[in-house]
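Colleague: build the 3D model from these lines:
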Amino acid sequence: MTGPAPTVRTETPAPGILTVVVDRPDARNAIDDATAALLATAMERLDDDDSLRVGVLTGAGGGFSAGLDLKAFLRGETGETPGRGFAGLARRPPRKPLIAAIEGFALAGGLEIALACDLIVAAEDARIGIPEVRRGLVADGGALLRLPGRLPRNIAMEMALTGAEVPVARLAELGLVNIVTRPGGSLAAAVDLAATIAANGPLGVVAGKDVLTQAPSWPEEEKWERQAALVEHVWTSADAREGARAFAARRPPTFTGT
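Modeller: This next block holds a predicted model:
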């Protein structure tokens, strides 16, 4: 007798791209402990596999994620993994770029998963919000920490205190959503965006993400030195020389991540 099907599946739709799909449509792709552990494993694969350069995270069945599985919560599950936090990535996302492709809904912890990603592609009719306060809970899976840096403070405050959803078009105007698509188009657009990233020098991409992620917490007088420590290896890499040669020869570069 076979066991239940895994609730997370991975695909490689194009070279260098790992698509990670939360596959619990009957539970609105909500996160229980088993799903969180599988997501953590997928994030580790993304970072550890040198052939992979960018990830795309989405949900099956027309929805991204409704967040924590409340039925599992009543059984004592938290949807967290050691070191990585909620859904296996909210506290410690992968070092490589990760794009959220949102269809249907990204609510509560579902939005917190999307906020752990670096870029967000969303269908125009997707429902996005953190309604935890309406359930007597609090959005402590990353939304309260990340939203003030991604949205104006008053918008983040309104979302947190009212639990109201915000239209995708408005979130795009405010800069939280990178690309808005027609319903059903978010995954294809996210994969196209991922392909653009995957074609670039992987060392520079990861270093760029590192600096952008870490720099807001650096003391002003240390910023240049700390940046140099994170990017120096890029300038001395084989990929840097390959990029220069390819530019001079007017051909596409072939990057190896070295």
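Colleague: hey, where'd the strands end up in the stretch 151-258 of the chain?
Modeller: 179-181 (DSSP state E, counting those that start in this stretch).
Colleague: check which residues of the lengthiest helix in the chain are buried.
Modeller: The single longest helix within the chain, with elements called by DSSP state H, is helix 33-48. Of the residues in helix 33-48, D33, A34, T35, A36, A37, L38, L39, A40, A42, M43, L46 count as buried by neighbour count, 16 or more other C-beta atoms under 10 Å. For every residue, glycine as well, the C-beta is placed using N, CA and C.
Colleague: same deal with stretch 199-217?
Modeller: In stretch 199-217, counting by 16+ other C-beta under 10 Å, buried: N200, G201, P202, L203, G204, V205, V206, A207, G208, K209, D210, V211.
Colleague: what lies in contact with that stretch?
Modeller: 53-54, 95-97, 118, 149, 197, 223, 226-227, 230-231, 233-234, 237, 239-240, 243, 252-253, 255, 257-258 (C-beta atoms under 8 Å, 6 or more residues apart in numbering).
Colleague: so what's the residue nearest in space to the middle of the chain up against?
Modeller: For the chain, the residue nearest the mean C-alpha position is C117 (1.9 Å; C-alpha atoms, centre = their mean). With contact taken as C-beta under 8 Å, 6+ apart, C117 is in contact with L57, P93, L98, I99, A100.
Colleague: helix or strand: which one has the closest residue to it other than its chain neighbours?
Modeller: Nearest non-adjacent residue to C117, counting by C-beta to C-beta, 6 or more residues apart in numbering: A100, 4.0 Å away. Assigned by DSSP states H and E, A100 belongs to strand 98-102.
Colleague: and the helix or strand just after that strand, what does it pack onto?
Modeller: Next along the chain after strand 98-102, taking DSSP H and E as the criterion, comes strand 105-107. Applying 3 or more C-beta pairs under 8 Å, 6 or more residues apart in numbering; DSSP states H and E, we find strand 105-107 packed against strand 127-129.
Colleague: pairing partners for the strand it packs on, with directions?
Modeller: strand 105-107 (parallel) (DSSP bridges).
Colleague: got the CA coordinates for the helix or strand just after the partner strand in PDB?
Modeller: With elements assigned by DSSP H and E, the helix or strand that comes after strand 105-107 is helix 109-115. Presented in PDB, the C-alpha positions along helix 109-115 are these (Å, rounded to 0.1, in the frame of the first residue of the first chain):
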ATOM      1  CA  GLY A 109       0.700  32.800   6.400                       C
ATOM      2  CA  GLY A 110       0.300  32.500   2.700                       C
ATOM      3  CA  LEU A 111       1.200  36.200   2.300                       C
ATOM      4  CA  GLU A 112       4.100  35.700   4.800                       C
ATOM      5  CA  ILE A 113       5.400  32.900   2.500                       C
ATOM      6  CA  ALA A 114       5.200  35.300  -0.500                       C
ATOM      7  CA  LEU A 115       7.000  38.000   1.600                       C
END
